[in-house]
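Asks: Here is the input, now give the coordinates:
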Amino acid sequence: MRTITIDFLSVFGLMIAYNTVIADDGVMIENDFFRDTLDTFDDDTVDNVTEPACDIIATNPNPCPCQCLSDSLICCNLDNTSPLPKGQCDSYNCSATEITLLNCQLHSTVINRQFILSLGWRQSRLRTLRLRNCSISDTTFGSGLEGLRVLDLRGNKVDAFREPELEMLDSIYLSGNNWPCIDPSKEKRFRSKSNLIFGEKMSWLLDMYWNERWIDRKLTFCNLDDHLQSVEEEIVKKHSVESFLQFTKKTNSTCPALCDCEVADETIKFTLEDMSKYKVNVVCTDLGLTSLPSRLPPDTIYLNMANNQVSSLDLLSNLNPDYKSIERLILTNNSLKSMQGLENSWLQRNGPVLLDVRDNFITQLDTSALESMLSKASINTESNYFFAGNPWSCNCQNIKTIQEFLEKYSSLIMDTEHMHCSDCECTLLHLDYKEMCTKDHDYMIWVILVEAILLVAIMLKLTWDCVRYRRTGHLPWVARHLCWSLPGVSRERWMPQLSNMFAWSEHASGQGGSVDPDQGEGVAKGSSGYITCSGNTSHSSKTLPSRTCPGGKESSVVRFL
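Replies: Numbers count the residues shown, from 1 in each chain. This next block holds a predicted model:
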C-alpha cells in the first residue's frame, strides 16, 4: 500500500493538529496516540496543537470556518453569539463520520442534527464528535444524533452541562479538563469554599448507563485552584470528579430539610487523609427551627443555627456520631436556657474552634463542662468563643469561680468585656466580689439578732421578777396563772375560790405586819415565801394551816429564811 501526504497537510499546521496520513484509496488514518494522550496536556500544549490548524483554515478563501478532509470535518472558532449564516457551508456536502470542533465558544449551545448540518455535513450517520479547546457550559448534546458512538470532550474549558440525549453512545471522554467542582466565584454562604451546584448538575454521570460509558473517569480530576503551590494543596487538588459527585450525592441525601449544605472553606488538617476529604458546612439560619438537626452529612465541620428558636442542646450529648466532626457551632439568637448537653459531647472531647451562644437566655455558666473544651481548644490559635448577651446569674457562690475562669481563658473568650449580670448592668468580669458579698443581705443575721434581743429581754424580766418577789412577795404573772391550765378542772369550779384566796392575801397584807403561819393567816408583806397547792395529807395538816385551792387541793405557806 502506497502512502502519500495530502496537499492540505503540506502546510505544517494540520499535520501538527492531527498527524494523519491518507492511503491511496482515500481513507483517512488518525494517529491514536494524539487522541489517547491529550488528557495529559496542559492548556499551553492544547493551544499549540489547535491554533496552527485553525490558522490554516482561516486562510481559506471560503467563508465557511470548516474544512472537510475525507471522512473528517474540522471546524474552528465557532461562536454561539454569532451563528453561521444559513447555507454558508452547504458547498462542502461533507460525508464525514467524525467531526472535530476547535477553539469554539459553545455556551448554552444546542449541538444537535440541525447544528451539524449547518457545518456542511451531509452524512446520515455521525459516529464521533470531538471538541478541543472549546468553552462548554450549559451545553446540550443530542436530539437527532442517534448514530453517535463516541463523544470526546477532552482538553476544553468546561462547566456543568446537561445530560446528553444520546441513547446509542458507546463511550464518553471527559479527562484533561479543568472541571470546576470547587468554584469560589459562584454564589455561596459565608465560610464555604463552594456550593454543590456543579455536583448536582453533573450527577447524571453516576447513573449506571453513563458510569459504564465514562471511559476515563479514573483520570478525570477536579481543579480546585490554578495557583495551588504546596504539596499538601496538590493532594487536595487531585480529587476525581467521580469522588466529588459521590460526595455531593451523599451530602444532599443527608442534608437537613430547608438547610443549605456546601463545601467547607477551612478544616483542621491532622493527616493526609483529612486533607483528601471534602468537609461540609451546614447552614440553617432564620428558619424558625426549635431543635438541632437530628442528622447531619458525614464530615460536617460547620453548623450555623443562628436566628432560630433552639431551646436545647440535648442532641449533642452521648457522643452523638452526627456531631463528631463539628469544629464550628453557631447558636446566636436562639432560646437556649442552659448549656446542658455539652457535657459528654464530641464538642467537649474535641474542643471546637468556634462556639457562639450569644443572645440567648442562659443564666448559668457551667465552667466544669467548658473547662475541658476550652483547654483542648487553646491548642488552636484561631479558636474563638462568644458568650455575651445572656442574663448571667451572679452571686457570692459562683462569681469568684466564673471570674477566675474568664481570666484563665481570656485569649479564647472574645467578649468577656460584654458579659453582664442579670440583676445589674455591671460587667461580670469586673464585678467586685467583696463589695457584692458585703452588700448582700443575709437574713440569718436578722434571725440571730432577734433571738439575742429576746434572750436579753427574758433575762431582764426574770431578774425583775426575782427582785420584785423578794421585795413584795408577788409571784410573776406566769406563776400566778399556772392554775388556769389545770387539767380536768372547769373554770367555774375554781374561779370563786381563787377570788377568796386573793381576798385573803389582801386582808393579810392590810394588817401592816406579819401573820403567824400557825394561825393560818397567809404570808405577811415582805416575807420570803409563797403559797402552794397540794393534796390533803396528814403531814400537811399537822404542820401548817391549809386552805382549799381549786380542784380540792389545800394551800400551804412556805417561808424562806
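Asks: Low-confidence stretches in the stretch 201-350 of the chain?
Replies: When the per-residue scores of the stretch 201-350 of the chain are filtered using pLDDT under 70, the ranges that remain are 224-238, 266-276.
Asks: oh, I was asking about the chain
Replies: For the chain, applying pLDDT under 70 flags the ranges 1-53, 91-92, 124, 224-238, 266-276, 438-442, 481-561.
Asks: biggest helix in it, by residue count?
Replies: helix 443-472 (DSSP state H).
Asks: Just the buried positions in that helix, please.
Replies: Under the neighbour-count criterion of 16 or more other CB atoms under 10 Å, helix 443-472 has residue 465 buried. Every residue, glycine included, has its C-beta placed from N, CA and C.
Asks: most centrally placed residue in the chain?
Replies: Geometric centre of the chain, nearest residue: residue 329, 3.1 Å, by CA atoms, centre = their mean.
Asks: ok, so what distance separates that residue from residue 345?
Replies: Note on residue 329: its distance to residue 345, by CB to CB, to the nearest Å, is 10 Å.
Asks: Quick check: phi and psi at the residue nearest to residue 428 when sequence neighbours are not counted.
Replies: Spatially, and ignoring its direct neighbours in sequence, residue 428 is nearest to residue 419 (4.5 Å; CB to CB, 6 or more residues apart in numbering). Main-chain torsions, residue 419, degrees, to the nearest 10: phi -90, psi 120.
Asks: residue contacts, residue 419?
Replies: Taking CB atoms under 8 Å, 6 or more residues apart in numbering, we find residue 419 in contact with 387, 388, 390, 392, 406, 427, 428, 429.
Asks: cool, residue 406 as well?
Replies: Applying CB under 8 Å, 6+ apart, the residues near residue 406 are 413, 416, 419, 428, 429.
Asks: Compute the distance between it and residue 392, please.
Replies: 11 Å.
Asks: which stretches of the stretch 351-500 of the chain form strands?
Replies: 354-356, 384-386 (DSSP state E, counting those that start in this stretch).
Asks: for those, which one sits closest to residue 365?
Replies: Shortest separation from residue 365 across the strands of the stretch 351-500 of the chain is recorded for strand 384-386, at 11.3 Å, computed as CB to CB.
Asks: contact partners of the closest one?
Replies: Contacts with strand 384-386, where a contact means CB under 8 Å, 6+ apart, come from 332, 353-358, 374, 377, 409, 412-415.
Asks: quick one on the thing from earlier: where do the contact lists of residue 406 and residue 392 overlap?
Replies: Common neighbours of residue 406 and residue 392 are listed as 419, 428 (criterion: CB under 8 Å, 6+ apart).
Asks: for residue 76, which residues make a bridge with it?
Replies: For residue 76, the beta-bridge assignment (DSSP bridges) gives partners residue 102.
Asks: All the helices of the stretch 101-250 of the chain, residue numbers only.
Replies: If DSSP state H, counting those that start in this stretch is used as the criterion, the helices of the stretch 101-250 of the chain fall at 113-117, 197-201, 208-213, 231-237, 241-254.
Asks: How about the third one, which residues are buried there?
Replies: Going back to what we said before, that points to helix 208-213. By neighbour count with 16+ other CB under 10 Å, helix 208-213 contains the buried residues 210, 213.
Asks: likewise the longest one?
Replies: For helix 241-254, burial by neighbour count (16+ other CB under 10 Å) applies to 241, 242, 243, 244, 245, 247, 248, 251, 254.
Asks: and the gap between the third one and residue 96?
Replies: The one in question is residue 243. Here the distance between residue 243 and residue 96 works out to 37 Å (CB to CB).
Asks: Ok, the last one next?
Replies: The gap separating residue 254 from residue 96 is 48 Å, by CB to CB.
Asks: And the fifth one, by the same measure?
Replies: As judged by CB to CB, residue 245 and residue 96 stand 33 Å apart.
Asks: Equivalent analysis for the second one, please.
Replies: As defined by CB to CB, residue 242 lies at a distance of 32 Å from residue 96.
Asks: Over to residue 460?
Replies: Summarising the geometry, the distance separating residue 460 from residue 96, computed by CB to CB, is 128 Å.
Asks: Likewise for residue 377?
Replies: Relative to residue 96, and taking CB to CB, residue 377 is found at 66 Å.
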